[in-house]
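In: Dropping a prediction and its sequence here:
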Amino acid sequence: MVCIGIRAAQSRNGPVIGPVAALLSREAACPVAVIRTRPDGTAQTDGVISVVVSDEPGNDDVVHFAMQEGRIRHATVR
C-alpha cells in the first residue's frame with residue numbers, strides 16, 4: 001500500500017485531488033490511500049472514505065481495510 005498526503009482543494013464541483021495523486025491512484029500496482037488534510041494543514045477527522053477497485057486480485061482486502069477505517073473514524077465508505 002502507498003499512502004500519499006494532500007491538502008484539500010476545492011472546485012465548483014467539490015473537493016478535488018491534484019494530478020500527482022490522481023496519476024498515482026490510477027497507475028499504482030498496489031492499493032493507494034489518499035489522505036486529505038484541511039486547508040489549514042490540520043488532520044481531517046471526518047468525511048468520506050472512497051474505495052475505487054478494478055478487476056485486479058486483492059480487492060476484498062482493499063474494501064475490508066476501507067471498512068475498518070470507516071468504523072474507526074465514524075466515516076461513510078463509498
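Out: Arrived safely, thanks for sending. Since we're looking at a predicted model, the values are computed, not measured.
In: contacts and neighbour counts: CA atoms only from here.
Out: Noted.
In: Let me see the contact set for residue 3.
Out: 32, 33, 34, 35 (C-alpha atoms under 8 Å, 6 or more residues apart in numbering).
In: Counting neighbours, which of these end up buried?
Out: 32, 33, 34 (16 or more other C-alpha atoms under 10 Å).
In: Output the residues you listed in TSV; the columns should cover distance to residue 76 and secondary structure.
Out: Listed next are the buried ones among the contacts of residue 3 as TSV, based on distance: C-alpha to C-alpha, whole Å; DSSP: H, G, I helix; E, B strand; the rest coil:
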residue	distance to residue 76	secondary structure
32	18	strand
33	15	strand
34	15	strand
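In: Closest one to residue 53 out of the contacts of residue 3, please.
Out: For the contacts of residue 3, the minimum distance to residue 53 (C-alpha to C-alpha) is 10.5 Å, reached by residue 32.
In: Please report the distance of residue 39 from residue 6.
Out: Look at residue 39 and residue 6: by C-alpha to C-alpha, to the nearest Å, they are 10 Å apart.
In: if you count what's nearby, which of the two comes out ahead?
Out: More crowded of residue 39 and residue 6, by other C-alpha atoms under 10 Å: residue 6, with 17 against 13.
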